[in-house]
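>>> Fold the stuff below for me.
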Amino acid sequence: MGDWLPDQLPVSPVNGEARDQNKSSNPESQDLTWMKTKIRGLISQFLEDIDYNGPVKGDDFDGLLQGMHNQARELGIPYPEGSRPWYCFTVGLHYARFCFPRHPLDLRIHIGIFTWLVTQVDDQAGKDPDEWGQFVSRFHAREPQPSPVARALDANLLGIRTWYEPLVASFIVISTLNFVNATTLEGAVFNSPNWSPTVGAVRWPYFFRDKDGLSEAYSYFTYPRSLYPDVACYVEAVPDMIMYINFVNDIMSFYKEELAGEKSNYMHNRAFAESKDAYQVYETVVGEALELSRRIILVLGGKGKEKYLRAWLDQARGYVTFHRTLERYRLHELGLGESYTD
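Here you go, the predicted structure:
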């Protein structure tokens with residue numbers, strides 16, 4: 001969204017001091033070193049503060065992998081190794097593997113396929129707004145969807161009610177439909193030369209980030225009714241869960257997005273709206289994520305809610321592992337990557 005660049009030097013998220021570009025004959029190299037040091041420091045401190053100690057190992061990884069392969073073949077969506085759909089498949093596999101280790105295998109497969117599909121939608125909607133701009137209306141009218149990915153996502157959403165309370169299933173579906181609309185809007189409007197952000201629109205960056213983040217759906221995915229039947233035990237924590245999932249993704253994605261020169265992400269959009277530097281916003285978001293984590297644990301920490309808290313901590317830890325494992329996020333370059341083999 002726009003090509004804004006900060007007028008001032010980025011401010012250090014650790015000590016508030018601007019980078020001194022005069023200390024090296026190669027400012028570009030020094031900037032990269034500065035960026036890596038600051039981001040590594042903040043992520044490392046974040047992991048320490050949330051007491052990250054790795055994911056819970058789920059059962060039957062081979063069953064998850066084979067089950068997703070079987071469903072993908074039935075859906076008729078090719079994903080040859082090395083292709084973009086293949087990469088999206090690995091995203092779905094890792095999310096279901098690390099974030100929901102205690103869920104029934106069939107549900108983990110369902111969530112893995114869901115993630116595979118929406119990751120492809122994220123690629124396609126901006127390029128084909130004519131198709132995806134009509135997805136929601138077709139879904140409500142129960143009209144046929146025109147492409148294999150759209151048909152598969154339509155069917156996957158209808159299957160959500162198998163696993164979740166009707167009201168919870170509706171929240172998941174609505175979150176997904178908002179995601180489709182938001183990603184379509186991004187491609188149709190925000191990539192237009194006529195679009196430019198506005199200083200002072202301070203609510204807009206998170207409003208859009210929330211719509212295109214799917215974090216509400218993933219918050220509710222934590223609690224299938226067969227294992228967690230009492231919605232009252234966790235529903236008050238959901239608003240903070242939604243924001244926490246968004247912010248952790250933003251925190252763990254920021255390094256690779258800075259390397260790519262991306263200026264349309266939440267950090268830069270919020271920085272522009274608030275007339276701040278993106279690194280100042282990054283430090284603020286890390287602090288906000290920690291506060292969100294504390295509040296979620298407080299809400300879920302009551303008597304009788306032990307398994308609800310455990311389920312959230314499974315997802316919260318697994319979501320960090322998800323980012324540290326996938327090469328996409330390039331965290332191994334900061335010494336923060338993880339590797340798991342089976």
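>>> avg pLDDT for stretch 77-96?
For stretch 77-96, mean pLDDT is 95.
>>> Flag every buried residue along stretch 165-174.
Glu165, Val168, Ala169, Phe171, Ile172, Val173 (16 or more other Cβ atoms under 10 Å). No exception for glycine: its C-beta is placed from N, CA and C like everyone else's.
>>> Can you convert the residues you listed into JSON lines and add a column each for secondary structure and distance to Glu288?
JSON lines is the format used below for those (DSSP: H, G, I helix; E, B strand; the rest coil; distance: Cβ to Cβ, whole Å):
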{"residue": "Glu165", "secondary structure": "coil", "distance to Glu288": "30"}
{"residue": "Val168", "secondary structure": "helix", "distance to Glu288": "26"}
{"residue": "Ala169", "secondary structure": "helix", "distance to Glu288": "29"}
{"residue": "Phe171", "secondary structure": "helix", "distance to Glu288": "23"}
{"residue": "Ile172", "secondary structure": "helix", "distance to Glu288": "25"}
{"residue": "Val173", "secondary structure": "helix", "distance to Glu288": "28"}
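>>> Which one of those residues is nearest to Tyr87?
Ile172 (24.0 Å; Cβ to Cβ).
>>> Quick one: residues contacting the residue nearest to the closest one when sequence neighbours are not counted.
Using Cβ to Cβ, 6 or more residues apart in numbering and skipping the chain neighbours, the partner closest in space to Ile172 is Ala217 (4.6 Å). Ala217 makes contact with Phe171, Ile172, Ser175, Thr176, Phe179 under the criterion Cβ atoms under 8 Å, 6 or more residues apart in numbering.
>>> Report the separation between the residue positioned nearest the centre of the chain and Tyr329.
Centroid check for the chain by Cα atoms, centre = their mean gives Asn249 as the closest residue, at 4.8 Å. According to Cβ to Cβ, to the nearest Å, Asn249 stands 10 Å off from Tyr329.
>>> and if you look at Ala260?
12 Å.
>>> In terms of neighbours, single out the busier of those two.
For the pair Ala260 and Tyr329, the greater number of neighbours falls to Tyr329 (21 against 10), based on other Cβ atoms under 10 Å.
>>> Am I right that the more buried one is in contact with Ser253?
Yes. With contact defined as Cβ atoms under 8 Å, Tyr329 and Ser253 form a contacting pair (6.2 Å).
>>> how near is Glu283 to Glu327?
26 Å.
>>> Same check on Leu336?
In terms of Cβ to Cβ, Leu336 sits 13 Å off from Glu327.
>>> got it, and Ala155?
Taking Cβ to Cβ, one finds Ala155 at 30 Å from Glu327.
>>> if I pick Lys276, what's in contact with it?
Arg270.
>>> Does it belong to a helix, a strand or coil?
In three-state terms, and counting by DSSP: H, G, I helix; E, B strand; the rest coil, Lys276 is coil.
>>> quick one: low-confidence ranges for the stretch 201-342 of the chain?
The model of the stretch 201-342 of the chain has pLDDT under 70 over residues 341-342.
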